[in-house]
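> Mind folding the following:
(chains A and B)
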There are 2 protein chains.
Amino acid sequence: MTIPSGDATVDDARTHEAAEAARAVPDVITDASGDPLVPRQDPGSAAELGAGAPVLAFDVGGTDIKSALFDAEGVMLGLRRTPTPDPGADLPERLIARLVELGAQLREEHPGVDPVAVGLVVPGIVDEVAGVGVFASNMGWRDAPIRALAEEAFGLPVAFDHDVRTGGWAEHVLGGARPYPNSIVLIIGTGIAGALLLGGEPFTSGGYAGEVGHSPVADEPLCPCGARGCLEAIASAGAIARRYIARSGIAVEGAKEVIALAAEGDEAAVEVWNEALDALALSLAQLTAVVAPQAIVIGGGLSRAGGVLFDELRARLRARLSFHRIPELVPAQLLGNAGILGAALRARSLG
Amino acid sequence: MTIPSGDATVDDARTHEAAEAARAVPDVITDASGDPLVPRQDPGSAAELGAGAPVLAFDVGGTDIKSALFDAEGVMLGLRRTPTPDPGADLPERLIARLVELGAQLREEHPGVDPVAVGLVVPGIVDEVAGVGVFASNMGWRDAPIRALAEEAFGLPVAFDHDVRTGGWAEHVLGGARPYPNSIVLIIGTGIAGALLLGGEPFTSGGYAGEVGHSPVADEPLCPCGARGCLEAIASAGAIARRYIARSGIAVEGAKEVIALAAEGDEAAVEVWNEALDALALSLAQLTAVVAPQAIVIGGGLSRAGGVLFDELRARLRARLSFHRIPELVPAQLLGNAGILGAALRARSLG
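Numbers count the residues shown, from 1 in each chain, chains lettered A, B, ... in the order given. Model (predicted):
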């Protein structure tokens, strides 16, 4: 199954037609920056949620909203991607109104499925205990009482959480982190987002934990967040492309192209890719020493580089450590649907 | 109260004589390297353990063993420091035999106190669930079944754990970390040891978590552990003294002297102290981004530098972060007795 960028539905992954359609489309969706960020999910995994209460689920990002209905068998119905309302003072209210519309559409299209709860995940700093979006630069809100607004508007209990943390937890329950109670999930795309799973549960510390992308690993470059030497500013797919363009003067569409150029021996590409790998390995070594996860699960656009990323990282991580317990480096499995699957799981825990 | 380096007891902190004696002795004990590592504990804090079962407690280090008996009021009795048996193949057995002797002495001296459990903490990598000393370079053991050996020898239940983690947890229950469910305790002395307290409990990940001292923050120098750029190799009290001596050719006794020289404008001292502060600030920034503790509690010899350390670290930490939640930097309170107090607390949880 893939996710069109318009308002069309991608429904009934179980049907022959949908499976055919999924095969017919390219398996990479690019985001605004041109990075491949949401690879096609295996249609079969749509039912991996298992049996439980029917729920509505929303994964809200800075650019678009993914929404779907999950039935009592755990099948994802009507998955669609629609634009996020424009930022502005009343974005929380306009966003919730939009989610209610999307929910109403989904319920209308699937009259047999009656959701008993809503799962809603958003980016930024999220206090999931208080139900508050503390801060999100791309949404432009501060201390927005999203859960209360959504519960009032839907008239249903709402599970509210952070997008990447919830997606990481879904990787733990359903995906690549399943065998490891203590793991760290890193999503390396336009930016780098992280989630700590400790004892099988997201560790949040009031919403502030897991900011591996904005953990400083060097003295430069300046990061748009205001700090300097953040991992994200060196090793995200976005940074790799930007840094190559700045160094070579040659336009590329994304990190994939830089990695291919590095393999061909392009000097600037080799430099930029090496710096990214070294920064990632240093950060993974720090995570290993301090948190000692059993596994580090890597997803996002850059993880699609496959062996060239994972093999290099394994070797460089080992070279930076000594007596430490080296974690498994494993690819994320849920890919672009981790957030919405996690939102559905969270909603079910309420329903 | 202070701890003589011989076999003499420092008993009955409540008595007038002991309080006088405590005032009369210097408040810094130096270890083999000359670093001030175990500052005098406030005599009043000996009873802070509170009421509970009487227990024996041992804090075993590479150089010496601290042992004491705790009565039903929580008063620490007979605290003494004696040498650790020499390393060797049967160290676990010889160590346990020595602890049994020490326990017998303590019980003889305090016939009214009948311990119902033993608390025992050791350095290295400790699997407290299995009761195994996985690895300790200064003890020379691997996979030593310490808890089983101790339980057999004492005929009492034994709480077995890691020294710094247990001391950090004691800081959480009794000391400087008390107000903060999520905190990181760093003990900066000859080396740098760390403990993560998450949700009010030590987070161990099989004994591997909390190795902040061996988290790489730079590309050099080589660390005796085999890795390079470990925080401990740049910013421990031991490293500060060593690096100053190497750079200036001038002998100093410890980091305290280097910090004093830096305050007087000695160029090499300024360099070495600045590099240590920058490395510490970088590491604290990484911990803040990833684990987001509410507080970072700093103890050990270097923490005795006081304002010159804490004020500098606060300023440099802030300069390395942006939207992150800056943790409180607070001095450890239990100082040299954190380990044995933690061992006693752990033993009480069994007794």
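> sec struct for the residue lying closest to residue A:166 once chain neighbours are set aside, please.
Leaving aside its sequence neighbours, residue A:166 sits nearest to residue A:342 (C-beta to C-beta, 6 or more residues apart in numbering or on different chains; 3.5 Å). Yep, even glycine has a C-beta here, placed from its N, CA and C like the rest. Three-state call for residue A:342 (DSSP: H, G, I helix; E, B strand; the rest coil): helix.
> Tabulate the CA atom coordinates of the host helix or strand of residue A:164 in CSV.
Assigned by DSSP states H and E, residue A:164 belongs to helix A:163-173. Below are the C-alpha coordinates for helix A:163-173, written out as CSV (Å, rounded to 0.1, in the frame of the first residue of the first chain):
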residue,chain,number,x,y,z
ASP,A,163,4.7,11.0,17.0
VAL,A,164,8.2,9.5,17.0
ARG,A,165,7.9,8.1,20.5
THR,A,166,4.6,6.4,19.7
GLY,A,167,6.1,5.2,16.4
GLY,A,168,9.1,3.8,18.3
TRP,A,169,6.8,2.1,20.8
ALA,A,170,4.9,0.6,17.8
GLU,A,171,8.3,-0.7,16.6
HIS,A,172,8.6,-2.3,20.0
VAL,A,173,5.1,-3.8,20.0
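> for chain B, what are the nearby residues on chain A?
A:125, A:135, A:137, A:182, A:194, A:196, A:198, A:203, A:205-206, A:208-212, A:214-217, A:223, A:225-228, A:282, A:285-287, A:289-294, A:320-325 (C-beta under 8 Å from any C-beta of the partner chain).
> Just those: which are in strands?
Among the residues of chain A next to chain B, the residues falling in strands (DSSP state E) are A:125, A:135, A:194, A:196, A:198, A:203.
> that older thread, generate a ChimeraX selection restricted to the buried entries among the residues of chain A next to chain B.
Buried subset of the residues of chain A next to chain B, written as a ChimeraX selection, criterion 16 or more other C-beta atoms under 10 Å in any protein chain shown:
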select /A:125,135,182,194,196,198,203,205,206,208,209,210,211,212,214,215,216,217,223,225,227,228,282,285,286,287,289,290,291,292,293,294,320,321,323,324,325
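> ok, back up a step: could you dump the ones in strands among the residues of chain A next to chain B to CSV with distance to residue B:102 and pLDDT?
What follows is those, written out as CSV (distance: C-beta to C-beta, whole Å; pLDDT from 0 to 100):
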residue, distance to residue B:102, pLDDT
A:125, 51, 87
A:135, 54, 87
A:194, 46, 92
A:196, 40, 95
A:198, 37, 95
A:203, 39, 93
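> who does the residue in the stretch 1-150 of chain A that chain B sits nearest to bridge with?
Closest residue of the stretch 1-150 of chain A to chain B, C-beta to the nearest C-beta: residue A:135 (6.5 Å). Legend: beta-bridge partners of residue A:135 under DSSP bridges are residue A:125, residue A:142.
> Would you give the sheet partners of the helix or strand just after the helix holding residue A:164, along with the direction of each?
The helix or strand immediately downstream of helix A:163-173 is strand A:183-188, counting by DSSP H and E. According to DSSP bridges, strand A:183-188 forms sheet pairs with strand A:192-198 (antiparallel), strand A:295-299 (parallel).
> which of those strands has the lowest average pLDDT?
Among those, strand A:192-198 carries the lowest mean pLDDT, a mean of 93.
> State the pLDDT value of residue A:9.
36.
> residue boundaries of the strands in chain A?
Using DSSP E, the strands of chain A run over A:55-60, A:64-70, A:76-83, A:117-122, A:125-127, A:132-136, A:141-144, A:158-162, A:183-188, A:192-198, A:201-203, A:295-299, A:328-331.
> Could you double-check that the residue of the stretch 1-150 of chain A closest to chain B lies in contact with residue A:127?
No: Residue A:135 is beyond contact range of residue A:127, at 9.9 Å (criterion: C-beta atoms under 8 Å).
> What segments of the stretch 251-351 of chain A are helices?
A:255-263, A:267-290, A:307-320, A:338-348 (DSSP state H, counting those that start in this stretch).
> Can you give the contact residues for the third one?
What it means is helix A:307-320. The contact list for helix A:307-320, computed with C-beta atoms under 8 Å, 6 or more residues apart in numbering or on different chains, reads A:259, A:263, A:277-278, A:280-282, A:284-285, A:288, A:298, A:302-303, A:326, A:329, A:331, B:216, B:227-228.
> What subset of those is buried?
A:259, A:277-278, A:280-282, A:284-285, A:288, A:298, A:302-303, A:329, B:216, B:227-228.
> ok, these vs residue A:253, which is closest?
Ranked by distance to residue A:253 (C-beta to C-beta), these are led by residue A:259 at 12.0 Å.
> contacting residues around the residue nearest to the closest one when sequence neighbours are not counted?
Distance criterion C-beta to C-beta, 6+ apart; nearest residue to residue A:259, sequence neighbours excluded, is residue A:305 at 5.5 Å. Residues near residue A:305 by C-beta under 8 Å, 6+ apart: A:255, A:256, A:259.
> Need the per-residue pLDDT for residue A:305.
Model confidence at residue A:305, given as pLDDT, is 92.
> in the stretch 51-200 of chain A, what residue is nearest chain B?
Using C-beta to the nearest C-beta, the single residue of the stretch 51-200 of chain A nearest to chain B is residue A:182, 5.0 Å away.
> Need phi/psi at that residue.
With angles defined as degrees, to the nearest 10, residue A:182 sits at phi -110, psi 110.
> just checking, it touches residue B:205?
Yes: using C-beta under 8 Å, residue A:182 makes contact with residue B:205 at a distance of 5.0 Å.
> Give me the common contacts of those two.
Counting by C-beta under 8 Å, 6+ apart, the contacts common to residue A:182 and residue B:205 are A:198, A:291, A:292, A:293, A:294.
> and the third one, what is it in contact with?
The neighbourhood of residue A:292, defined by C-beta under 8 Å, 6+ apart, consists of A:182, A:324, A:325, A:327, B:205, B:206, B:208, B:209, B:210, B:211.
> how close does the first one sit to residue B:317?
Using C-beta to C-beta, to the nearest Å, one obtains 26 Å as the distance from residue A:182 to residue B:317.
> And the fifth one, by the same measure?
From residue B:205 over to residue B:317 the distance is 25 Å, taken as C-beta to C-beta.
> coming back round to it: which one of the helices of the stretch 251-351 of chain A lies nearest to residue B:86?
helix A:267-290 (29.8 Å).
> can I get the CA coordinates of the closest one in CSV?
C-alpha atoms of helix A:267-290 as CSV (Å, rounded to 0.1, in the frame of the first residue of the first chain):
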residue,chain,number,x,y,z
GLU,A,267,35.5,13.5,-3.3
ALA,A,268,33.0,15.9,-1.8
ALA,A,269,30.5,13.1,-1.5
VAL,A,270,33.0,10.8,0.2
GLU,A,271,33.8,13.5,2.7
VAL,A,272,30.2,14.4,3.5
TRP,A,273,29.1,10.7,3.8
ASN,A,274,32.1,9.9,6.0
GLU,A,275,31.4,12.8,8.3
ALA,A,276,27.8,11.7,8.6
LEU,A,277,28.8,8.1,9.4
ASP,A,278,31.4,9.2,11.9
ALA,A,279,28.9,11.5,13.6
LEU,A,280,26.3,8.8,13.7
ALA,A,281,28.7,6.3,15.1
LEU,A,282,29.9,8.7,17.8
SER,A,283,26.3,9.3,18.8
LEU,A,284,25.5,5.6,18.8
ALA,A,285,28.6,5.0,21.0
GLN,A,286,27.4,7.7,23.5
LEU,A,287,23.9,6.1,23.6
THR,A,288,25.5,2.7,24.1
ALA,A,289,27.7,3.9,27.0
VAL,A,290,25.0,5.8,28.8
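> quick one: that helix to helix A:307-320, angle?
Per axes from the mean of the first three to the mean of the last three C-alpha atoms, to 10 degrees, the angle that helix A:267-290 makes with helix A:307-320 is 50 degrees.
> distance between helix A:267-290 and the chain's centre?
Between the centre of helix A:267-290 and the centre of its chain there are 21 Å (C-alpha atoms, centre = their mean, to the nearest Å).
> Touching, residue A:293 and residue A:181? I think so.
No: assessed by C-beta under 8 Å, residue A:293 is found out of contact with residue A:181, at 9.4 Å.
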